[in-house]
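Novice: how does the following fold in three dimensions:
(one chain, ligands or ions: 2)
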Amino acid sequence: MKIIDLEESSDRPKLNWYPGHMAKASREIKAKIKLVDIIFEIRDARAPKTSGNPELDQILSQKSRLIILNKSNFVEASDLVRWEAWFKKQELNFIFVNVMDKIALKKVTKLAKKIIQQKNLKSNPHSSDQKKEKKKLKIMVIGLPNTGKSTVINQLAGRNATKVAPSPGQTQHQLWISIDNKENKDLELMDTPGVMPPHVSSETQGIWLSAIHAMPDVVIGEELTATYVVKYFLKNKSLYFKERFQLENFDGPVEAVMEKIAVLRGCIKEKGRPDLERVYKLILLEFRKGDLGKCCFEMPPLTK
Ligand SMILES: Nc1nc2c(ncn2[C@@H]2O[C@H](COP(=O)(O)OP(=O)(O)OP(=O)(O)O)[C@@H](O)[C@H]2O)c(=O)[nH]1
Ligand SMILES: [Mg+2]
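Specialist: Ligands and ions are numbered 1, 2, ... in the order given. Alright, predicted model coming up:
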């Protein structure tokens, strides 16, 4: 078992996943951006800053943008409050949601319309057209892989208009979806392939993105990611985690905790040896379903 520190180590390689289709997808996003009224940038609320994409920031800043921090049901309310304060300070349009929740999703479309109205008013304060609503609202949905872009679209459409999967890299091509139902009138959404930033600044951030499954497990390896996740819950003294795996304390070492989980869950190989490979898979599966308890990997930075 590799031993990793929760603290960052600068001498380790930066870990990232940037296959060819992402560079292409990134170019296509830039090319089509002028066709839309607003960008929905989907992030993962467990890594609110790191699940953004600094490479696209400059081009996105030219458009109305709503940052949708999805899967926020996996995050403690106290962490959400801290991050909300930080996003407000940055003067960014944002909303923390769980897009599986239809009522929460209503707030998203309402907020998007408000952002567009405000922008129109700002750019043309004396126009008499302010009251006239544009017929179709065109929205481009972008974000890191597996953050829930296609899910947002399907939830708004009320049907399986685009494919959703629990693994990264499902959407490979841009796709326009027209939505005109009882709840959502005259929307046109563009689904786009998930794009990772070309450079992830640190190994730790790479592991966060792996834990939330923005990149496939083969990139970083299940051992490193699962070990980090277990260390996270031990370090944060999660009572929920401790009870789930019947731990006596939070002291570790992490290897002993992994072995304990192996026994508890019957992950045993020949001669009674723990099957750690199965434990790593199990940890990641349960973590990604939210079964290990709430989590937020990063704290808001003190500066921008
Ligand atoms: N619990 C929870 N799961 C979600 C939420 N949104 C999406 N998911 C799940 O996350 C996984 C990825 O969703 P997708 O909509 O396929 O993600 P995507 O961003 O389109 O992914 P790519 O096309 O691969 O870039 C699926 O298993 C969804 O069911 C959410 O708000 N809460
Ligand atoms: Mg998708």
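
Novice: give me every residue in the stretch 151-300 of the chain lying close to ligand 2.
Specialist: Residues of the stretch 151-300 of the chain lying close to ligand 2 by CB under 5 Å from the ion are 170-171. Placement of C-beta: from N, CA and C, glycine included.

Novice: please, where are all the helices along the stretch 151-300 of the chain?
Specialist: Secondary structure of the stretch 151-300 of the chain, counting by DSSP state H, counting those that start in this stretch: helices at 203-211, 217-220, 222-235, 239-244, 254-264, 276-288.

Novice: tell me the most buried of the ones you listed?
Specialist: Per-stretch averages of neighbours, counted by mean count of other CB atoms under 10 Å, single out helix 203-211 among the helices of the stretch 151-300 of the chain, with a mean of 25.

Novice: now the helices of the stretch 151-300 of the chain in JSON lines, with distance to K89 and mean pLDDT?
Specialist: Conversion of the helices of the stretch 151-300 of the chain to JSON lines gives the following (distance: least, CB to CB, whole Å; pLDDT from 0 to 100):
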{"stretch": "helix 203-211", "distance to K89": "21", "mean pLDDT": "95"}
{"stretch": "helix 217-220", "distance to K89": "32", "mean pLDDT": "93"}
{"stretch": "helix 222-235", "distance to K89": "26", "mean pLDDT": "97"}
{"stretch": "helix 239-244", "distance to K89": "31", "mean pLDDT": "95"}
{"stretch": "helix 254-264", "distance to K89": "36", "mean pLDDT": "95"}
{"stretch": "helix 276-288", "distance to K89": "30", "mean pLDDT": "97"}
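
Novice: for the ones you listed, which one sits closest to ligand 1?
Specialist: Evaluated over those, closeness to ligand 1 peaks at helix 276-288, with 8.3 Å, by CB to the nearest ligand atom.

Novice: the helices of the stretch 151-300 of the chain into CSV, with extra columns for distance to Q118?
Specialist: Formatted as CSV, the helices of the stretch 151-300 of the chain follow (distance: least, CB to CB, whole Å):
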stretch, distance to Q118
helix 203-211, 32
helix 217-220, 40
helix 222-235, 39
helix 239-244, 41
helix 254-264, 49
helix 276-288, 36
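
Novice: out of the ones you listed, flag the one nearest N98.
Specialist: For those, proximity to N98 was assessed by CB to CB; helix 276-288 is nearest, at 14.3 Å.

Novice: could you report the neighbour count for the residue of the chain found nearest ligand 1?
Specialist: Closest to ligand 1 within the chain is G194: 2.5 Å, counting by CB to the nearest ligand atom. Taking other CB atoms under 10 Å as the neighbour definition, G194 ends up with a count of 25.

Novice: need the residue in the chain that's farthest from the chain's center.
Specialist: Residue farthest from the centre of the chain, counting by CA atoms, centre = their mean, is K271 at 40.8 Å.

Novice: between the helices of the stretch 151-300 of the chain, which gets nearest to N93?
Specialist: Nearest of the helices of the stretch 151-300 of the chain to N93, taken as CB to CB: helix 203-211 at 23.2 Å.

Novice: and that closest one, what does it pack onto?
Specialist: Applying 3 or more CB pairs under 8 Å, 6 or more residues apart in numbering; DSSP states H and E, one finds that helix 203-211 contacts helix 217-220, helix 222-235, helix 276-288.

Novice: could you report the pLDDT at the closest residue to D101 other than its chain neighbours?
Specialist: Closest residue to D101 apart from its sequence neighbours, by CB to CB, 6 or more residues apart in numbering: N73 at 7.8 Å. Listed pLDDT for N73 reads 96.

Novice: would you say N73 is within a helix?
Specialist: Yes. N73: assigned to a helix according to DSSP: H, G, I helix; E, B strand; the rest coil.

Novice: good, wrapping up.
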